[in-house]
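Q: missing the sequence, but the structure's below:
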(Lines give C-alpha, C1' and ligand atoms only; values in the text may rest on other atoms or scores of the structure.)
Protein backbone atom coordinates (compact mmCIF):
# COMPACT_ATOMS: atom_id res chain seq x y z
CA UNK A 1 0.00 0.00 0.00
CA UNK A 2 1.71 3.16 -1.14
CA UNK A 3 1.32 6.40 0.79
CA UNK A 4 1.23 9.98 -0.43
CA UNK A 5 3.98 12.56 0.14
CA UNK A 6 6.61 9.86 -0.13
CA UNK A 7 5.51 8.25 3.15
CA UNK A 8 5.25 4.46 3.03
CA UNK A 9 3.36 2.24 5.46
CA UNK A 10 4.44 -1.23 6.46
CA UNK A 11 1.89 -3.68 4.97
CA UNK A 12 1.89 -5.83 8.11
CA UNK A 13 0.81 -2.91 10.24
CA UNK A 14 -1.87 -1.84 7.78
CA UNK A 15 -3.31 -5.33 7.70
CA UNK A 16 -3.56 -5.68 11.44
CA UNK A 17 -6.43 -3.49 12.48
CA UNK A 18 -8.87 -1.18 10.71
CA UNK A 19 -8.61 1.73 13.19
CA UNK A 20 -4.83 1.46 13.04
CA UNK A 21 -4.94 1.42 9.26
CA UNK A 22 -7.08 4.56 9.21
CA UNK A 23 -4.67 6.26 11.57
CA UNK A 24 -1.69 5.34 9.42
CA UNK A 25 -3.42 6.62 6.29
CA UNK A 26 -4.00 9.95 8.06
CA UNK A 27 -0.35 10.00 9.12
CA UNK A 28 0.64 9.47 5.50
CA UNK A 29 -1.03 12.75 4.48
CA UNK A 30 1.27 14.80 6.71
CA UNK A 31 4.40 16.30 5.10
CA UNK A 32 7.55 14.72 6.43
CA UNK A 33 9.13 17.99 7.57
CA UNK A 34 6.07 19.42 9.32
CA UNK A 35 7.64 19.21 12.78
CA UNK A 36 11.13 20.44 11.96
CA UNK A 37 10.66 23.73 13.85
CA UNK A 38 13.11 25.05 16.44
CA UNK A 39 10.32 25.75 18.96
CA UNK A 40 9.34 22.11 19.43
CA UNK A 41 10.85 19.99 22.23
CA UNK A 42 13.94 18.05 21.23
CA UNK A 43 12.17 14.75 21.88
CA UNK A 44 9.59 15.62 19.22
CA UNK A 45 11.38 17.79 16.70
CA UNK A 46 14.83 16.51 15.87
CA UNK A 47 14.04 12.94 14.86
CA UNK A 48 14.78 11.73 11.30
CA UNK A 49 11.92 12.13 8.80
CA UNK A 50 9.17 9.56 8.98
CA UNK A 51 10.06 6.42 7.05
CA UNK A 52 7.62 3.60 7.43
CA UNK A 53 9.27 1.27 5.01
CA UNK A 54 7.24 -1.02 2.76
CA UNK A 55 9.27 -4.11 3.41
CA UNK A 56 8.13 -7.60 4.29
CA UNK A 57 9.64 -9.11 7.42
CA UNK A 58 12.22 -11.78 6.65
CA UNK A 59 12.12 -14.51 9.25
CA UNK A 60 10.30 -12.67 12.05
CA UNK A 61 10.19 -12.75 15.79
CA UNK A 62 9.86 -15.92 17.86
CA UNK A 63 7.07 -16.08 20.42
CA UNK A 64 6.26 -12.36 20.26
CA UNK A 65 2.85 -11.53 21.73
CA UNK A 66 1.68 -9.42 18.78
CA UNK A 67 -1.94 -10.30 19.45
CA UNK A 68 -1.84 -8.39 22.73
CA UNK A 69 -0.49 -5.33 20.90
CA UNK A 70 -2.62 -5.35 17.76
CA UNK A 71 -5.88 -6.92 19.00
CA UNK A 72 -5.63 -10.02 16.86
CA UNK A 73 -4.12 -10.97 13.50
CA UNK A 74 -5.68 -12.53 10.45
CA UNK A 75 -2.93 -14.49 8.72
CA UNK A 76 -4.65 -14.27 5.34
CA UNK A 77 -4.46 -10.48 5.29
CA UNK A 78 -0.75 -10.38 6.01
CA UNK A 79 0.08 -11.77 2.62
CA UNK A 80 2.99 -13.98 3.68
CA UNK A 81 1.45 -16.95 5.49
CA UNK A 82 4.44 -19.07 4.56
CA UNK A 83 6.52 -17.29 7.16
CA UNK A 84 4.04 -18.00 9.94
CA UNK A 85 4.60 -21.08 12.06
CA UNK A 86 1.24 -20.92 13.85
CA UNK A 87 -1.43 -18.61 15.16
CA UNK A 88 -2.88 -20.14 18.28
CA UNK A 89 -4.40 -18.75 21.51
CA UNK A 90 -3.59 -15.19 20.55
CA UNK A 91 0.10 -15.86 19.77
CA UNK A 92 1.88 -15.24 16.47
CA UNK A 93 5.13 -17.14 16.12
CA UNK A 94 7.52 -16.43 13.23
CA UNK A 95 10.90 -17.83 12.30
CA UNK A 96 13.50 -15.81 14.20
CA UNK A 97 16.28 -13.88 12.55
CA UNK A 98 18.43 -11.55 14.71
CA UNK A 99 18.52 -8.71 12.19
CA UNK A 100 14.71 -8.48 12.25
CA UNK A 101 14.63 -7.52 15.92
CA UNK A 102 16.34 -4.20 15.34
CA UNK A 103 14.31 -3.62 12.19
CA UNK A 104 11.00 -4.23 13.94
CA UNK A 105 11.98 -2.01 16.84
CA UNK A 106 12.87 0.79 14.45
CA UNK A 107 9.60 0.44 12.55
CA UNK A 108 7.51 0.53 15.73
CA UNK A 109 9.44 3.67 16.70
CA UNK A 110 8.55 5.13 13.31
CA UNK A 111 4.90 4.32 13.97
CA UNK A 112 4.95 6.15 17.30
CA UNK A 113 6.69 9.06 15.61
CA UNK A 114 3.90 9.17 13.03
CA UNK A 115 1.31 9.39 15.80
CA UNK A 116 3.17 12.33 17.35
CA UNK A 117 3.35 13.97 13.93
CA UNK A 118 -0.40 13.53 13.49
CA UNK A 119 -1.14 15.02 16.91
CA UNK A 120 0.96 18.11 16.20
CA UNK A 121 -0.59 18.56 12.78
CA UNK A 122 -4.04 18.37 14.41
CA UNK A 123 -3.07 21.13 16.90
CA UNK A 124 -3.03 18.66 19.81
CA UNK A 125 -0.43 18.55 22.53
CA UNK A 126 1.67 15.55 21.56
CA UNK A 127 2.99 14.85 25.04
CA UNK A 128 -0.53 14.87 26.50
CA UNK A 129 -1.67 12.53 23.73
CA UNK A 130 1.11 10.07 24.48
CA UNK A 131 0.39 10.40 28.20
CA UNK A 132 -3.22 9.41 27.62
CA UNK A 133 -2.04 6.41 25.63
CA UNK A 134 0.21 5.39 28.51
CA UNK A 135 -2.68 5.61 30.97
CA UNK A 136 -4.80 3.38 28.73
CA UNK A 137 -1.98 0.89 28.43
CA UNK A 138 -1.53 0.72 32.19
CA UNK A 139 -5.26 0.34 32.74
CA UNK A 140 -5.61 -2.44 30.19
CA UNK A 141 -2.38 -4.39 29.99
CA UNK A 142 -0.04 -3.51 32.82
CA UNK A 143 -0.48 -6.29 35.34
CA UNK A 144 2.39 -6.97 37.65
CA UNK A 145 3.47 -9.79 39.89
CA UNK A 146 4.77 -8.98 43.38
CA UNK A 147 5.82 -10.89 46.46
CA UNK A 148 5.44 -9.99 50.11
CA UNK A 149 8.78 -10.87 51.70
CA UNK A 150 9.95 -10.78 55.31
CA UNK A 151 12.94 -8.53 55.93
CA UNK A 152 13.48 -9.80 59.48
CA UNK A 153 12.49 -12.83 61.56
CA UNK A 154 9.02 -12.81 63.07
CA UNK A 155 5.48 -14.14 63.06
CA UNK A 156 2.94 -13.28 60.35
CA UNK A 157 -0.44 -11.72 61.22
CA UNK A 158 -2.89 -9.63 59.22
CA UNK A 159 -2.49 -11.20 55.79
CA UNK A 160 -6.25 -11.27 55.21
CA UNK A 161 -6.51 -7.61 56.23
CA UNK A 162 -3.77 -6.66 53.78
CA UNK A 163 -5.59 -8.58 51.04
CA UNK A 164 -8.81 -6.77 51.94
CA UNK A 165 -7.03 -3.42 51.50
CA UNK A 166 -5.95 -4.42 47.98
CA UNK A 167 -9.42 -5.77 47.16
CA UNK A 168 -11.09 -2.50 48.16
CA UNK A 169 -8.88 -0.71 45.64
CA UNK A 170 -9.32 -3.26 42.84
CA UNK A 171 -11.16 -6.60 43.14
CA UNK A 172 -9.04 -7.96 40.26
CA UNK A 173 -6.01 -8.21 42.57
CA UNK A 174 -5.25 -11.77 43.66
CA UNK A 175 -3.19 -12.91 46.65
CA UNK A 176 -1.85 -16.40 47.27
CA UNK A 177 -0.64 -17.01 50.81
CA UNK A 178 2.61 -18.94 51.10
CA UNK A 179 2.93 -18.50 54.87
CA UNK A 180 -0.44 -17.78 56.51
CA UNK A 181 -1.05 -15.97 59.78
CA UNK A 182 0.75 -17.58 62.68
CA UNK A 183 3.66 -18.74 60.52
CA UNK A 184 7.22 -18.12 61.69
CA UNK A 185 9.29 -16.42 58.98
CA UNK A 186 12.97 -15.71 58.42
CA UNK A 187 14.50 -12.87 56.40
CA UNK A 188 13.84 -13.44 52.70
CA UNK A 189 10.89 -15.79 53.19
CA UNK A 190 8.00 -15.25 50.77
CA UNK A 191 4.82 -14.57 52.75
CA UNK A 192 2.47 -14.23 49.79
CA UNK A 193 2.40 -13.80 46.02
CA UNK A 194 0.28 -10.96 44.61
CA UNK A 195 -0.80 -10.38 41.01
CA UNK A 196 -3.02 -7.71 39.53
CA UNK A 197 -3.28 -4.31 37.83
CA UNK A 198 -0.27 -2.14 38.62
CA UNK A 199 -2.34 0.92 39.48
CA UNK A 200 -4.34 -0.97 42.11
CA UNK A 201 -1.26 -2.58 43.65
CA UNK A 202 0.58 0.72 43.90
CA UNK A 203 -2.48 2.46 45.35
CA UNK A 204 -3.15 -0.15 48.02
CA UNK A 205 0.45 -1.04 48.82
CA UNK A 206 1.07 1.32 51.74
CA UNK A 207 -2.23 0.68 53.51
CA UNK A 208 -1.86 -3.08 53.11
CA UNK A 209 1.72 -3.04 54.41
CA UNK A 210 0.78 -0.78 57.33
CA UNK A 211 -1.72 -3.36 58.54
CA UNK A 212 0.47 -6.36 57.81
CA UNK A 213 3.67 -4.96 59.35
CA UNK A 214 1.92 -3.64 62.47
CA UNK A 215 -0.11 -6.76 63.19
CA UNK A 216 2.87 -9.01 62.44
CA UNK A 217 4.86 -6.89 64.89
CA UNK A 218 2.24 -7.53 67.58
CA UNK A 219 2.30 -11.27 66.83
CA UNK A 220 6.09 -11.33 66.88
CA UNK A 221 6.30 -9.52 70.22
CA UNK A 222 3.70 -11.88 71.68
CA UNK A 223 5.62 -14.91 70.42
CA UNK A 224 8.76 -13.69 72.19
CA UNK A 225 6.95 -13.74 75.54
CA UNK A 226 5.25 -17.06 74.77
CA UNK A 227 8.66 -18.55 74.03
CA UNK A 228 10.08 -17.19 77.28
CA UNK A 229 7.22 -18.73 79.29
CA UNK A 230 7.48 -22.09 77.54
CA UNK A 231 7.47 -25.02 79.92
CA UNK A 232 5.32 -23.26 82.53
CA UNK A 233 1.55 -22.98 82.92
CA UNK A 234 1.63 -19.19 82.42
CA UNK A 235 -0.33 -17.79 79.50
CA UNK A 236 0.59 -14.49 77.82
CA UNK A 237 -2.37 -12.10 77.62
CA UNK A 238 -2.90 -8.62 76.21
CA UNK A 239 -4.90 -5.73 77.71
CA UNK A 240 -7.35 -3.07 76.57
CA UNK A 241 -4.43 -0.76 75.77
CA UNK A 242 -4.98 -0.92 72.03
CA UNK A 243 -4.92 1.47 69.08
CA UNK A 244 -8.32 3.19 68.69
CA UNK A 245 -10.34 1.34 66.06
CA UNK A 246 -7.91 -1.57 65.87
CA UNK A 247 -8.67 -3.47 69.09
CA UNK A 248 -10.18 -6.53 67.42
CA UNK A 249 -7.32 -6.75 64.90
CA UNK A 250 -4.57 -6.29 67.49
CA UNK A 251 -6.11 -8.85 69.84
CA UNK A 252 -6.34 -11.21 66.86
CA UNK A 253 -2.62 -10.64 66.23
CA UNK A 254 -1.88 -11.54 69.85
CA UNK A 255 -3.59 -14.88 69.30
CA UNK A 256 -1.67 -15.38 66.03
CA UNK A 257 1.50 -15.00 68.10
CA UNK A 258 0.41 -17.71 70.51
CA UNK A 259 -1.04 -15.45 73.22
CA UNK A 260 -4.51 -15.13 74.73
CA UNK A 261 -6.91 -12.23 75.09
CA UNK A 262 -7.85 -10.33 78.21
CA UNK A 263 -11.25 -8.64 78.25
CA UNK A 264 -12.31 -6.75 75.12
CA UNK A 265 -14.28 -4.07 76.95
CA UNK A 266 -15.33 -2.80 80.35
CA UNK A 267 -18.51 -4.85 80.17
CA UNK A 268 -16.67 -8.19 79.84
CA UNK A 269 -15.64 -8.30 83.50
CA UNK A 270 -15.03 -6.06 86.51
CA UNK A 271 -11.41 -5.07 87.07
CA UNK A 272 -10.94 -3.04 90.25
CA UNK A 273 -7.80 -0.88 89.84
CA UNK A 274 -5.88 1.18 92.41
CA UNK A 275 -7.87 4.33 91.62
CA UNK A 276 -11.13 2.48 92.26
CA UNK A 277 -9.82 1.34 95.64
CA UNK A 278 -8.75 4.89 96.48
CA UNK A 279 -12.19 6.26 95.62
CA UNK A 280 -13.99 3.48 97.53
CA UNK A 281 -11.78 3.99 100.58
CA UNK A 282 -10.40 0.46 100.95
CA UNK A 283 -10.18 -2.97 99.32
CA UNK A 284 -13.14 -4.47 101.21
CA UNK A 285 -15.55 -1.65 100.27
CA UNK A 286 -14.47 -1.71 96.61
CA UNK A 287 -15.10 -5.45 96.30
CA UNK A 288 -18.46 -5.34 98.10
CA UNK A 289 -19.73 -2.54 95.84
CA UNK A 290 -18.62 -4.42 92.73
CA UNK A 291 -20.38 -7.60 93.84
CA UNK A 292 -23.56 -5.67 94.61
CA UNK A 293 -23.82 -4.35 91.05
CA UNK A 294 -22.32 -7.15 88.93
CA UNK A 295 -24.44 -9.97 87.60
CA UNK A 296 -23.87 -13.53 88.77
CA UNK A 297 -22.05 -14.40 85.53
CA UNK A 298 -19.66 -11.42 85.68
CA UNK A 299 -16.18 -12.18 87.00
CA UNK A 300 -14.42 -9.77 89.35
CA UNK A 301 -10.67 -9.18 89.39
CA UNK A 302 -8.82 -6.77 91.67
CA UNK A 303 -5.38 -5.21 91.42
CA UNK A 304 -3.05 -5.46 94.41
CA UNK A 305 0.53 -4.31 94.80
CA UNK A 306 1.30 -5.64 98.30
CA UNK A 307 0.90 -8.96 100.03
CA UNK A 308 -1.14 -7.27 102.75
CA UNK A 309 -3.73 -6.19 100.20
CA UNK A 310 -3.73 -9.71 98.74
CA UNK A 311 -4.49 -11.18 102.17
CA UNK A 312 -7.49 -8.84 102.53
CA UNK A 313 -8.76 -9.75 99.05
CA UNK A 314 -8.50 -13.50 99.67
CA UNK A 315 -10.49 -13.13 102.89
CA UNK A 316 -13.41 -11.63 100.92
CA UNK A 317 -13.09 -13.71 97.79
CA UNK A 318 -12.73 -12.71 94.11
CA UNK A 319 -12.29 -14.54 90.83
CA UNK A 320 -8.81 -13.22 89.99
CA UNK A 321 -6.06 -11.07 91.45
CA UNK A 322 -3.76 -8.85 89.44
CA UNK A 323 -0.31 -8.80 91.08
CA UNK A 324 1.06 -5.46 89.93
CA UNK A 325 4.79 -4.69 89.80
CA UNK A 326 5.77 -7.28 92.37
CA UNK A 327 9.25 -8.73 92.68
CA UNK A 328 9.94 -12.34 91.77
CA UNK A 329 9.99 -13.32 95.47
CA UNK A 330 6.71 -11.47 96.13
CA UNK A 331 5.10 -13.26 93.20
CA UNK A 332 6.15 -16.64 94.58
CA UNK A 333 4.66 -15.79 97.96
CA UNK A 334 1.48 -14.46 96.35
CA UNK A 335 0.98 -17.68 94.39
CA UNK A 336 1.50 -19.71 97.54
CA UNK A 337 -0.91 -17.54 99.53
CA UNK A 338 -3.60 -17.77 96.85
CA UNK A 339 -3.36 -21.55 96.75
CA UNK A 340 -5.61 -21.88 93.72
CA UNK A 341 -8.51 -19.90 95.25
CA UNK A 342 -8.22 -17.26 92.48
CA UNK A 343 -6.53 -16.83 89.14
CA UNK A 344 -3.17 -15.08 89.55
CA UNK A 345 -2.08 -12.52 86.95
CA UNK A 346 1.36 -10.87 86.95
CA UNK A 347 1.67 -7.43 85.40
CA UNK A 348 4.27 -4.68 85.18
CA UNK A 349 7.80 -4.60 83.73
CA UNK A 350 7.11 -7.60 81.50
CA UNK A 351 9.76 -8.15 78.84
CA UNK A 352 11.17 -11.12 76.96
CA UNK A 353 14.08 -11.04 79.44
CA UNK A 354 11.92 -11.01 82.62
CA UNK A 355 9.04 -13.20 81.43
CA UNK A 356 10.84 -16.50 82.02
CA UNK A 357 11.51 -15.83 85.70
CA UNK A 358 8.02 -14.42 86.23
CA UNK A 359 6.41 -17.46 84.60
CA UNK A 360 8.50 -19.74 86.82
CA UNK A 361 6.84 -18.30 89.95
CA UNK A 362 3.69 -20.26 89.10
CA UNK A 363 1.36 -17.41 88.07
CA UNK A 364 -1.50 -18.30 85.73
CA UNK A 365 -1.33 -15.23 83.49
CA UNK A 366 1.26 -12.67 82.42
CA UNK A 367 -0.26 -9.51 80.95
CA UNK A 368 1.57 -6.86 78.93
CA UNK A 369 -0.09 -3.75 77.52
CA UNK A 370 2.88 -2.88 75.32
CA UNK A 371 2.16 -5.85 73.06
CA UNK A 372 -0.62 -3.90 71.38
CA UNK A 373 0.31 -0.27 71.98
CA UNK A 374 4.10 -0.19 71.61
CA UNK A 375 5.37 -3.25 69.75
CA UNK A 376 7.66 -2.55 66.80
CA UNK A 377 6.36 -3.25 63.30
CA UNK A 378 7.79 -6.27 61.53
CA UNK A 379 9.74 -5.25 58.44
CA UNK A 380 7.95 -6.71 55.41
CA UNK A 381 8.44 -5.52 51.84
CA UNK A 382 6.52 -5.76 48.58
CA UNK A 383 9.02 -6.86 45.91
CA UNK A 384 8.29 -6.34 42.22
CA UNK A 385 8.77 -9.49 40.16
CA UNK A 386 7.79 -8.42 36.67
CA UNK A 387 5.18 -7.48 34.12
CA UNK A 388 2.36 -9.81 33.17
CA UNK A 389 0.77 -8.49 29.95
CA UNK A 390 -2.79 -9.68 30.26
CA UNK A 391 -5.94 -7.64 29.92
CA UNK A 392 -7.11 -6.39 33.30
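A: That came through fine. Not measured: the values here are computed from a predicted model.
Q: Any stretches of the stretch 101-250 of the chain with poor pLDDT?
A: Applying pLDDT under 70 to the stretch 101-250 of the chain flags residues 101-104, 107, 110, 133-142.
Q: For it, which segments count as helices?
A: 126-140, 159-169, 198-228, 247-256 (DSSP state H, counting those that start in this stretch).
Q: The third one vs helix 159-169, what angle?
A: When you say that, I think you mean helix 198-228. Relative orientation of helix 198-228 and helix 159-169, computed by axes from the mean of the first three to the mean of the last three Cα atoms, to 10 degrees: 170 degrees.
Q: Next, the angle helix 247-256 makes with helix 198-228.
A: If you take the same axes, to 10 degrees, helix 198-228 sits at 50 degrees to helix 247-256.
Q: about what we covered before: output the helices of the stretch 101-250 of the chain as a markdown table; include the columns distance to residue 318.
A: (Glycine included, C-beta is placed from N, CA and C.) What follows is those, written out as a markdown table (distance: least, Cβ to Cβ, whole Å):
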| stretch | distance to residue 318 |
| --- | --- |
| helix 126-140 | 63 |
| helix 159-169 | 37 |
| helix 198-228 | 25 |
| helix 247-256 | 24 |
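Q: Of all those, which one is nearest residue 357?
A: For the helices of the stretch 101-250 of the chain, proximity to residue 357 was assessed by Cβ to Cβ; helix 198-228 is nearest, at 8.9 Å.
Q: buried set for the closest one?
A: Residues of helix 198-228 classed as buried: 198-201, 203-205, 207-209, 211-226, 228 (neighbour count, 16 or more other Cβ atoms under 10 Å).
Q: Also stretch 169-188?
A: Result for stretch 169-188 [16+ other Cβ under 10 Å]: buried residues 169-170, 173, 175, 177-179, 181-183, 185.
Q: Also stretch 358-377?
A: For stretch 358-377, the neighbour count (16+ other Cβ under 10 Å) marks 358-359, 361-369, 371-372, 375, 377 as buried.
Q: likewise stretch 246-255?
A: Within stretch 246-255, the residues scored as buried using 16+ other Cβ under 10 Å are 246-247, 249-255.
Q: Next: stretch 308-318.
A: Buried, per 16+ other Cβ under 10 Å, within stretch 308-318: 309-310, 313-314, 318.
Q: swap in stretch 118-136?
A: Neighbour-count burial for stretch 118-136 [16+ other Cβ under 10 Å]: 118-121, 126, 129-130.
Q: if I read this right, residue 284 contacts residue 312, doesn't it?
A: Yes: Residue 284 is within contact range of residue 312, at 6.4 Å (criterion: Cβ atoms under 8 Å).
Q: what about residue 305, distance to residue 351?
A: Distance, residue 305 to residue 351, by Cβ to Cβ, to the nearest Å: 19 Å.
Q: Looking at the two, which has the bigger crowd around it?
A: residue 305 (16 against 13; other Cβ atoms under 10 Å).
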